[in-house]
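Colleague: sequence and predicted structure are below.
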Amino acid sequence: MKAFTRRLGAAIVSVAMMAGLTQMTGAAAFADETETSVPSSSVEETTSETTKETKAPKETKAPEETEISETEKETEASASKKAKDGPSQITEKVDAFLNKESGLLTIKKYGNEITIDIQIAGVVVDQYFYDEDEGDPDIYVINVKDAIDKLIKRGDIVSQSTYSIWLFAYDAEVMVATWNDKITYESKAPTSINGLSASINNGILKWKNMKGITDIFVLINDFRCVFYTDRTSLQLDKEIDWLIQSGYIENTGSFDVRLLFYNEKTNKNVAVWTQKYEYKTTVTAGQKDTLTGFSFSNGILTWDKYQGADEYRYIYTTPEGCVEFWAFDENRFDANDYISQLVRDKSLNAQSHYSITIQAIKFGYTDAFDDPLIMAEGTYEYDFTVAPNPLNVSGKTATVKNKKLKKKKQTLSASKVMSGLGTARGKLTFTKVSGNKNIKINAGTGKITIKKKGLKKKTYTVKVKVKAAGNMGYDPSGVKEVTFKIKVK
């Protein structure tokens, strides 16, 4: 159930995060320091294009040296949150060139109304949004060395010899292309690190929270993971494995681990901690095991439980497409019940042969902001017949005394006017087709209500449509029109 809570948290915060992603706000603190014109000698093979006039993003007042603006905070976190499938699964590339001597990164437009996040050392420092109708430039240039200096001064990163650079292109909220490179740069900017108590033992990162913090950022080889202040530890080995399998970081054997404490009210970094962590693991990007032990009996499908899985996802493949749904922490499910439900919802057509793929899911240890990793999967095929509904209902005659009807309304159960209701499979619904207006029928229960003083002494005929929803292998084909009579005497 932990995984469900994390996903729910992501859904709640996503509305606020998405607001800044359709504008070229980026990390406003970098806009006036890192954007620059492209000199004719600075970019290979792009002289004629890069000398075009470059439109600057909207200016925003930069925060203090140790601050992170609200827009930056949302945008930086979104780099982790929006990578739906992981960089290793995105094949399209952004057209960009990095001049490693000057530090100038030139980015060409990817398409109309496409946002490109510019991420350096795990922090989104700017965005390039191209809108043809607004006359935006076809290229965008940023000085990554200046951006690195700024990050180090603020304490977002520590000085190192090599820095990763990523570009993530989004069409609305869907990642469509990436680009990455590295730059070697010896920055002279001072590193701001305040006191913070933390340690790594037996693969677990532990820390002591400090007063005045609202958010905790854990960075592993520049990938930013977001936590809230109720956390004081992280299973570091498992998180590194998850990040490698998802394609967010490389398996280098040596990992830079950093903690960043942040105060949202004062808009400042409170403290930074860093340590080099040596960890040998055999996992690889996209690694996926095979689920085994499938068994199908009396409509119940089971398989061997996969160690470490948070949940299992079920995917039916049909001629109409794929249908997927979830169960929590169980390596079994009632295939009869689910198939009947899908047939009732018209997601599946009744058929005899079904193919189902089971995926063992692990949610990232980076709290609410990661999409799940498929740790293992397996496909099982089986035959199952969805039978016609055996509904067989007929009408009866019920008697109501006029003496009682004059005093108050009278009610009759469905079984008083209809027989064979027990033959149905699934929930019954009732719809009145014809009959006296003073005779009402409840759609859910079939209970008959006769209005006070509404009927004279006589026999009344009522026609009702009865429908059975179907379940456990029976489709919702059970529909019958039933005629019953009510005699008032």
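Modeller: Happy to help now that I have it.
Colleague: Tyr460: which element?
Modeller: strand 458-468 (DSSP states H and E).
Colleague: after that strand comes which helix or strand?
Modeller: Following strand 458-468 in sequence, per DSSP H and E, is strand 478-488.
Colleague: name the helices or strands packed onto that following strand?
Modeller: Under the contact criterion of 3 or more C-beta pairs under 8 Å, 6 or more residues apart in numbering; DSSP states H and E, strand 478-488 touches strand 394-395, strand 397-400, helix 414-417, strand 458-468. (Each C-beta comes from the backbone N, C-alpha and C, glycine too.)
Colleague: what's the angle from the last one to strand 478-488?
Modeller: Going by axes from the mean of the first three to the mean of the last three C-alpha atoms, to 10 degrees, strand 458-468 is angled at 160 degrees with respect to strand 478-488.
Colleague: distance between strand 458-468 and the chain's centre?
Modeller: Mean-position distance between strand 458-468 and its chain equals 48 Å (C-alpha atoms, centre = their mean, to the nearest Å).
Colleague: and it, what does it pack onto?
Modeller: Counting by 3+ C-beta pairs under 8 Å, 6+ apart, strand 458-468 packs on strand 428-434, strand 439-441, strand 478-488.
Colleague: in that strand, what counts as buried?
Modeller: Neighbour counts over strand 458-468 (16 or more other C-beta atoms under 10 Å) mark Tyr460, Val462, Val464, Val466, Lys467, Ala468 as buried.
Colleague: all helices of this structure, in order?
Modeller: Residue ranges of the helices in the chain, as given by DSSP state H, are 2-18, 28-34, 47-50, 70-81, 144-154, 236-246, 335-344, 402-407, 414-417.
Colleague: quick check: mean pLDDT across the last one?
Modeller: For helix 414-417, the mean per-residue pLDDT is 93.
Colleague: flag every buried residue along that helix.
Modeller: Ala414, Lys416, Val417.
Colleague: CSV please, covering those and showing distance to Lys408.
Modeller: Below are the buried residues of helix 414-417 laid out as CSV (distance: C-beta to C-beta, whole Å):
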residue, distance to Lys408
Ala414, 20
Lys416, 18
Val417, 19
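Colleague: so which of those residues is the closest to Lys362?
Modeller: Ala414 (49.4 Å; C-beta to C-beta).
Colleague: now the closest one. Nearest residue, chain neighbours left out?
Modeller: Among residues not flanking Ala414 along the chain, Gly446 sits closest, at 2.9 Å (C-beta to C-beta, 6 or more residues apart in numbering).
Colleague: cool, Gly378 as well?
Modeller: Closest to Gly378 by C-beta to C-beta, 6+ apart is Leu291, at 3.2 Å.
Colleague: residue contacts, the one you found?
Modeller: Neighbour list for Leu291: Trp303, Asp304, Tyr306, Ile358, Ala360, Ala376, Glu377, Gly378 [criterion: C-beta atoms under 8 Å, 6 or more residues apart in numbering].
Colleague: list buried residues within these.
Modeller: For the contacts of Leu291, buried by 16+ other C-beta under 10 Å: Trp303, Tyr306, Ile358, Ala360, Ala376, Glu377, Gly378.
Colleague: so which of those are in strands?
Modeller: Ile358, Ala360, Ala376, Glu377, Gly378 (DSSP state E).
Colleague: distance of the first one from Trp242?
Modeller: Read that as Ile358. 20 Å (C-beta to C-beta, to the nearest Å).
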